[in-house]
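Student: Return atomic coordinates for the entry below.
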Amino acid sequence: MAIAIEFNHVSKQYRLGLVSTKTLSHDLNRWWQTAVLRKEDPYLKIGSVNDRASKADSEYVWALKDIDFKVEQGDVVGIIGKNGAGKSTLLKLLSRVTGPTTGSICARGRIGSLLEVGTGFHQEMTGRENIYMNGAILGMTKNDITRKLDEIIDFSGCERYIDTPVKRYSSGMMVRLGFAVAAFLEPEILVVDEVLAVGDAEFQKKAIGKMQDVSKGEGRTVLFVSHNMASMRALCKRGILLDKGEVSYDGPINKTVERYLEMNLFTGGEKSTEDIFKVKNPCIHISSVTVNGHPTAECNLSYPNRELDIDVEGTITGHHFLDLEITFHHTDGTLYARHAPGLFSGDAMEVQDGPFHLHNHIILPNGLANGEYLINIDITHPKVQTFARTQFPIRLTYTGNFTDNGFSIEQDFYGLCCLDKQ
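Tutor: From the prediction side, this is the model:
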């Protein structure tokens with residue numbers, strides 16, 4: 001299979017705190033070192049790691065560092081990572097919005113990009129005019145664009161406003177039209193950033209279906225960035241995990257998603273209460289958190305046991321009513337169950353200036369499939385406020401030998417499970 005995209009040891013460096021990445025003094029120094037003294041560029045030797053949460057220790061930061069991978073024609077590759085990991089920078093380099101500091105990028109074919117709301121649109125031009133302008137940029141003739149025009153307009157759902165300047169479009173309409181243009185004007189490479197999240201559920205479903213058709217039916221290459229892991233699993237076969245500007249993992253999409261979730265949600269082993277809970281009101285102090293009697297961030301259950309006992313102890317100042325709200329969902333983000341006994345009944349614990357002990361007994365839904373699930377815990381005043389919540393969800397691993405018990409598991413599209421007797 002031919003190679004459609006090739007990143008060869010690509011790095012991108014930015015200078016912090018400035019609109020431009022360069023200054024006259026730095027340019028002169030770079031010229032003197034490289035052109036006159038024939039030495040290596042001094043500014044490529046410095047630069048801090050791309051960690052948005054920490055204070056910079058250098059004027060320069062590596063947004064991307066030594067990115068090296070290839071994508072075959074017709075592949076659908078998901079780019080996954082936390083905010084600030086370098087995903088959008090990578091797509092901008094591929095789309096030639098900016099250039100790499102070091103390394104080279106080879107893309108074979110026309111690239112259709114949807115990197116942010118309104119990408120490539122002129123605000124004063126109508127939707128129809130922007131379609132023709134984008135097609136011309138992609139190298140298409142006017143007749144080719146006209147042939148696709150009705151399909152683009154119909155897919156976008158913006159027919160009523162197609163002759164209105166796009167500056168009057170909502171963000172959702174802009175994304176609809178932008179995706180339709182990028183998908184239907186037949187680029188060999190389709191690059192889509194997180195912007196699809198702006199669209200409604202109907203459009204997201206249509207967009208995912210169109211990207212599947214583009215890759216499978218038409219053999220075009222798709223690079224897709226999203227934080228929706230269910231969409232990633234449904235659309236992509238391969239995933240690339242970015243962490244602090246570097247490739248942390250490159251492999252099958254399921255493995256990539258698992259590593260991403262472990263990186264963001266799990267740390268393994270025992271945790272302190274400071275690690276588990278993010279206190280939102282300083283009047284509360286958490287001293288102990290246990291799940292089924294174990295003070296850890298992980299819990300294992302085996303069939304047929306489906307019971308969880310969650311206990312939280314601490315102290316509080318003032319007069320309050322406290323309750324535990326539990327949400328239980330699959331690792332792909334699908335909500336499985338929510339348990340908040342005091343939210344509607346008002347059955348909460350009254351506490352005043354002293355210690356408290358909150359207990360919640362949960363029987364998980366019957367038909368729980370083998371796998372990993374996430375439990376979030378919130379300490380709340382029902383219907384009023386949240387005092388504290390889990391910063392890192394507790395991981396529940398559920399296992400069981402269903403064949404020995406004569407049961408079978410069926411899982412529907414939404415990840416909800418049912419247990420049926422054979």
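
Student: neighbours of I363, just the number please.
Tutor: 11 (other Cβ atoms under 10 Å). To be clear about C-beta, it is placed using only N, CA and C from the backbone, and glycine gets the same treatment.

Student: Over to T34?
Tutor: T34 is flanked by 13 other residues according to other Cβ under 10 Å.

Student: ok, which stretches of the stretch 201-350 of the chain are strands?
Tutor: 221-225, 238-243, 246-252, 277-279, 284-291, 298-302, 307-330, 335-339, 349-363 (DSSP state E, counting those that start in this stretch).

Student: Give me whichever of those strands is most buried.
Tutor: strand 221-225 (a mean of 25; mean count of other Cβ atoms under 10 Å).

Student: now for that strand, which elements pack on it?
Tutor: In terms of contacts (3 or more Cβ pairs under 8 Å, 6 or more residues apart in numbering; DSSP states H and E), strand 221-225 is packed against strand 3-15, strand 60-72, strand 76-81, helix 87-94, strand 189-192, helix 229-235.

Student: Tell me which of the ones you listed lies nearest to S170.
Tutor: Distance to S170, taken as Cβ to Cβ, is lowest for strand 189-192 among those, at 19.2 Å.

Student: could I get the closest one in CSV with only the CA atoms?
Tutor: The C-alpha coordinates for strand 189-192 follow below in CSV (Å, rounded to 0.1, in the frame of the first residue of the first chain):
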residue,chain,number,x,y,z
ILE,A,189,-6.3,13.4,2.8
LEU,A,190,-9.0,14.5,5.2
VAL,A,191,-7.8,16.1,8.4
VAL,A,192,-10.5,16.7,11.1
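
Student: Let me know the average pLDDT across that strand.
Tutor: Averaging pLDDT along strand 189-192 yields 87.

Student: Please apply the same query to stretch 322-342.
Tutor: Mean predicted lDDT for stretch 322-342 stands at 73.

Student: Ok, stretch 105-116 next?
Tutor: What stretch 105-116 shows for mean pLDDT is 83.

Student: Just the endpoints, please. Distance across that stretch?
Tutor: One end of stretch 105-116 to the other measures 21 Å (Cα to Cα, to the nearest Å).

Student: Just the buried positions in that stretch, please.
Tutor: Of the residues in stretch 105-116, 105, 107, 110-116 count as buried by neighbour count, 16 or more other Cβ atoms under 10 Å.

Student: Inside strands: which ones of those?
Tutor: 105, 107, 111-114 (DSSP state E).

Student: Poorly predicted segments of the stretch 201-350 of the chain, please.
Tutor: 264-276, 296-297, 331-337, 340-347 (pLDDT under 70).

Student: now do 90
Tutor: Where the stretch 201-350 of the chain drops to pLDDT under 90, the residues are 201-220, 222, 224-237, 243-245, 254-314, 316, 318-350.
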